[in-house]
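Participant: the following block contains a protein sequence and its predicted model.
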Amino acid sequence: AGAFGYLNKASYSEELVKAIRKITSQKRKYITDEVADQLASQVDISQENSIHKKLSDREFQILCMIASGKTVTEIAEEFSLSPQTIHTYRTRVKEKMNLNSNVEMTHYAIENNLID
């Protein structure tokens, strides 16, 4: 968000002074050890949450196309497959990812930057 330093609410005033000095005199960014730990934890969580990595290449394509708003018929035509085959792929995607609807698939794809 454009910030040069991050402190949590529990930081002591000495920590604030240290951060200000580093940012102003050294022109560097500053985060506390606690904030660094939280950021590192988020990286681990986001990698664990990449459940779309369990999908086959075709299932992933179907996920992205549905999330982009394409209908089953449009996807079937594009891949020269039957609509029933696309329904089967969609069912597998929903099962593997524990999703219940196209809306949830779309939400997941947007949150994970899988579509534009």
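Facilitator: Structure's in. What do you need?
Participant: what lies in contact with stretch 68-82?
Facilitator: Counting contacts by CB atoms under 8 Å, 6 or more residues apart in numbering, the residues outside stretch 68-82 that touch it are 62, 65-66, 83, 85-87, 90, 106, 109, 115. Backbone N, C-alpha and C define where each C-beta goes, glycine included.
Participant: rerun at 10 Å
Facilitator: Counting contacts by CB atoms under 10 Å, 6 or more residues apart in numbering, the residues outside stretch 68-82 that touch it are 58, 61-62, 64-66, 83-90, 102, 106, 109, 114-116.
Participant: can you say which of those are buried?
Facilitator: Buried residues within the contacts of stretch 68-82, defined by neighbour count using 16 or more other CB atoms under 10 Å: 61-62, 64-66, 85-86, 89-90, 102, 106, 109, 114.
Participant: so which of these would you say is closest to Lys29?
Facilitator: Checking those against Lys29 with CB to CB, the nearest one is Leu114 at 29.5 Å.
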